[in-house]
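**Q** return a 3D structure for these sequence lines:
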Amino acid sequence: MYPELIVIRHGQTQWNLEGRWQGHGDAPLSDLGRAQAAALGRALGGTFDHVYASDLQRAAETAAGLAGSVTLDPQWRELDVGGWEGKTAAEVAQAYPGQMQRLAHDPTLPVGGGESWNDLRSRALGALAVLRNTHPEGRVAVVAHGGIILTLCEALLGLTWRWPRWLGRVRNTARAVLVFESPDDPGALLRYNVVDHLTPPPGPPAPIGPSAEGGWVQRLMDPPRVADHLGHPEVIERLVPCAHDQVGHLFLSDLGATLLTWGVVPVD
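**A** Presented below is the predicted three-dimensional model:
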């Protein structure tokens, strides 16, 4: 069996609640975050061959319920936001005037003097390559952070930089499922932003068009097949790298706007 990788965002922290940039800041889970992590453990604990986590405590604490042994790896840390760490968007705008606007157009710009989004992309792909070489088979989980998960998924889809980002913001304890069909397969995104351990799973897909809840469902014809809930929760079924043109067209449409994160939001 070729590897299946499940990447999971940590539970909520107090800084998440306050809208503060966390980056490499080592904030613990909030009470709600611990409850989210417990629900994740009840749903998925013991189902993985190997479990990894970022060495930041919010990720390590979330991963603890998934396995008795968790390997901590700093390569799965969030984007290093330098001087932005611990600040709200308003505080960043005051301390670093104009930098958020430049960031939206330049992925090579170090965020707060830390890493750039391009740096994070390279680090994420490098961490993935190490995992695949270490575990050529089996089911592997990594508990990490919203920015690195989003960046990795966009990289696997072949999506180039843009702001707002192509994919929706990763929810606390949401998971993305990456699959690899051969040793040389760059990988495919099977599911994204899945939180069925927190809420009842969504019902059958609605017809194309507005659903009763005001969400949308969009299907693209094979190849490749994309079955997309663009709403609550955002779940992407079998997006493959060769789909990026079709995906880009979808996400740039008014319909696709429901998946976009508008404005510069604090990283994890």
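**Q** neighbours around residue 42, how many?
**A** 10 (other Cβ atoms under 10 Å). In this view, the C-beta of every residue, glycine as well, is placed from N, C-alpha and C.
**Q** list the contacts of it.
**A** 65, 197 (Cβ atoms under 8 Å, 6 or more residues apart in numbering).
**Q** quick one: least confident helix or strand in the chain?
**A** Lowest on mean pLDDT, DSSP states H and E among the helices and strands of the chain sits strand 216-220, with a mean of 27.
**Q** could I get the full set of helices for the stretch 101-250 of the chain?
**A** 117-134, 146-156, 244-252 (DSSP state H, counting those that start in this stretch).
**Q** reformat the ones you listed as CSV; add mean neighbour count.
**A** Formatted as CSV, those follow (neighbours: other Cβ atoms under 10 Å):
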stretch, mean neighbour count
helix 117-134, 17
helix 146-156, 24
helix 244-252, 17
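**Q** can I get the ones you listed in TSV with distance to residue 73 and mean pLDDT?
**A** Formatted as TSV, those follow (distance: least, Cβ to Cβ, whole Å; pLDDT from 0 to 100):
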stretch	distance to residue 73	mean pLDDT
helix 117-134	7	97
helix 146-156	11	95
helix 244-252	28	40
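**Q** quick one: closest of those to residue 23.
**A** helix 146-156 (8.5 Å; Cβ to Cβ).
**Q** quick one: neighbours of the closest residue to residue 102 other than its chain neighbours, just the number.
**A** Spatial nearest neighbour of residue 102, excluding adjacent residues (Cβ to Cβ, 6 or more residues apart in numbering): residue 109 at 5.7 Å. Neighbours of residue 109 under the rule other Cβ under 10 Å: 14.
**Q** my guess is residue 109 meets residue 118, correct?
**A** No - applying Cβ atoms under 8 Å as the test, residue 109 and residue 118 come out as separate, 9.1 Å apart.
**Q** what about the stretch 1-150 of the chain, any weak spots by pLDDT?
**A** 1-2 (pLDDT under 70).
**Q** hey, where'd the strands end up in it?
**A** 4-9, 50-53, 71-72, 139-144 (DSSP state E, counting those that start in this stretch).
**Q** which of these sits closest to residue 35?
**A** Comparing these by Cβ to Cβ, strand 4-9 comes nearest, at 15.0 Å.
**Q** pull the CA atoms of the closest one into PDB?
**A** In PDB, the C-alpha atoms belonging to strand 4-9 read as follows (Å, rounded to 0.1, in the frame of the first residue of the first chain):
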ATOM      1  CA  GLU A   4      -1.600   8.000   2.700                       C
ATOM      2  CA  LEU A   5      -0.800  11.200   4.600                       C
ATOM      3  CA  ILE A   6      -3.400  12.900   6.800                       C
ATOM      4  CA  VAL A   7      -2.300  16.500   7.800                       C
ATOM      5  CA  ILE A   8      -4.300  17.900  10.700                       C
ATOM      6  CA  ARG A   9      -4.400  21.400  12.100                       C
END
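**Q** great, nothing more from me.
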